[in-house]
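Asks: coords below, sequence missing:
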């Protein structure tokens, strides 16, 4: 009974944030024509307002994000061309990162470097886990295989740790940058502000929820290697 409760609690902790983020963003994707302008148009307007004319607004299939290297706000098709509350709010969140970059916000610079480390660590972790059984068979030393297994699991969990560390930076982009621009610029209908806050919170948690789901990948690897 104890283990069943433990599994349920872990599942809620891991899956819960991802479900909440997806539910919130999907909920405010309708009505699709709530605002007169698209997310891309608002992003361009906010960037110009912030004296960031050199920052591009581009469409992407790789998830909504701000690229501090290429100086580009990138929005998924639904947010780039969409006119929903979600589209314009997510666009404002990504512009918030561009403003952080303009202001030399140190946590954004740290996050940029950490994300590179996380991406490399995830690839390394997957590779280590793939060769762990082979190493065990070749060396005939279960302890050596166990060390490879532990190393692979730890590296796969790096992304989760990094995104948890950088969550305050995401919240800062939402509530210290994006929300003031939306409110002071009167880009939101008055009744939409509380809902925009929910979207901004969900946008900040996007990477954390995705990395928590990656922990399920670790569980899958563990199950495979125990067979």
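Replies: Arrived safely. Computed from a prediction, not measured in an experiment: that's the story for all the values here.
Asks: got a list of contacts for stretch 27-42?
Replies: With contacts defined as Cβ atoms under 8 Å, 6 or more residues apart in numbering, stretch 27-42 is touched by 45, 57, 59, 75, 78-92, 187, 189, 192, 195, 198-199. The C-beta positions use only the backbone N, C-alpha and C, and glycine is treated the same way.
Asks: which of these count as buried?
Replies: Those of those that meet the buried threshold are 45, 57, 75, 78-80, 82-92, 187, 192, 195, 198-199, by 16 or more other Cβ atoms under 10 Å.
Asks: Of these, which belong to strands?
Replies: Those of the buried ones among the contacts of stretch 27-42 mapping onto strands are 57, 75, per DSSP state E.
Asks: where does this structure dip in pLDDT?
Replies: Counting by pLDDT under 70, the low-confidence segments of the chain come to 1-11, 13-14, 118-119, 121-137, 139-156, 214-227.
Asks: Helices along that one, start to end?
Replies: Using DSSP state H, the helices of the chain run over residues 2-27, 39-49, 77-80, 85-102, 106-139, 142-156, 158-165, 167-172, 179-184, 193-226.
Asks: Distance from the shortest one to the middle of the chain?
Replies: The offset between the C-alpha centroid of helix 77-80 and the centroid of the whole chain comes to 16 Å, using Cα atoms, centre = their mean, to the nearest Å.
Asks: Tell me how far residue 42 lies from residue 211.
Replies: Residue 42 is 28 Å from residue 211, where distance means Cβ to Cβ, to the nearest Å.
Asks: typo on my end, it should be residue 192
Replies: 29 Å.
Asks: one step back: so if I had to pick from residue 42 and residue 211, which one is more boxed in?
Replies: residue 42 (26 against 22; other Cβ atoms under 10 Å).
Asks: Show the contacting residues for the closest residue to residue 111 other than its chain neighbours.
Replies: Excluding its sequence neighbours, the residue lying closest to residue 111 (Cβ to Cβ, 6 or more residues apart in numbering) is residue 166, at 4.3 Å. Residues in contact with residue 166 (Cβ under 8 Å, 6+ apart) are 107, 110, 111, 114, 207.
Asks: and if we set it to 10 Å?
Replies: Applying Cβ atoms under 10 Å, 6 or more residues apart in numbering, we find residue 166 in contact with 107, 108, 110, 111, 112, 114, 115, 118, 172, 204, 207, 208.
Asks: need those residues in CSV with neighbour count, can you?
Replies: Shown next, in CSV, are the contacts of residue 166 (neighbours: other Cβ atoms under 10 Å):
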residue, neighbour count
107, 16
108, 21
110, 14
111, 23
112, 15
114, 19
115, 16
118, 23
172, 19
204, 23
207, 23
208, 21
